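Participant: Make a model of this:
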Amino acid sequence: MCLAVPSMIVKIEDEMATIDVDGVKRKASLLLVEDAQVGDYVIVHAGFAIRKIDEEAAQESLRYLREAVEFSMRNDSEEPSTD
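Facilitator: Take a look at the predicted model:
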């Protein structure tokens, strides 16, 4: 399964952006996105920003991703041991 994650651009050098997701910083190519600027939110997949999105949509998507992780962690800890 592939997952595209909303990320905020915090720095741009040439065609590469430093992006931030909850304090985790990574590099992403901006070759596929026009007019990207620091402060923009982009959807990142496989190391490429693939489109810009507005901040509200980015925050909503990140909230759903956090909820999914929390739900998964709760369910993992509730499953009975098979040992």
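Participant: what mean pLDDT does the longest strand out of those in the chain have?
Facilitator: The longest strand of the chain (DSSP state E) is strand 5-13. Mean pLDDT, computed over strand 5-13, is 95.
Participant: next structured bit after it?
Facilitator: Following strand 5-13 in sequence order, the next helix or strand is strand 16-21 (DSSP states H and E).
Participant: What strands line up against that next one, and which way round?
Facilitator: Here strand 16-21 has these sheet partners by DSSP bridges: strand 5-13 (antiparallel), strand 24-29 (antiparallel).
Participant: Check the average confidence over it, would you?
Facilitator: Here the average pLDDT along strand 16-21 is 96.
Participant: Next, the buried residues of it.
Facilitator: 17-19 (16 or more other C-beta atoms under 10 Å). In short, each C-beta sits where N, CA and C put it, glycine included.
Participant: Only the C-alpha atoms, please, for the longest strand of the chain, written as CSV.
Facilitator: Extracted in CSV, the C-alpha atoms of strand 5-13 (Å, rounded to 0.1, in the frame of the first residue of the first chain):
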residue,chain,number,x,y,z
VAL,A,5,1.5,12.3,3.2
PRO,A,6,0.7,16.1,3.5
SER,A,7,3.9,18.0,4.4
MET,A,8,4.8,21.6,4.9
ILE,A,9,7.7,23.1,3.0
VAL,A,10,10.2,24.7,5.4
LYS,A,11,13.1,25.3,3.0
ILE,A,12,13.8,25.2,-0.7
GLU,A,13,17.1,24.8,-2.4
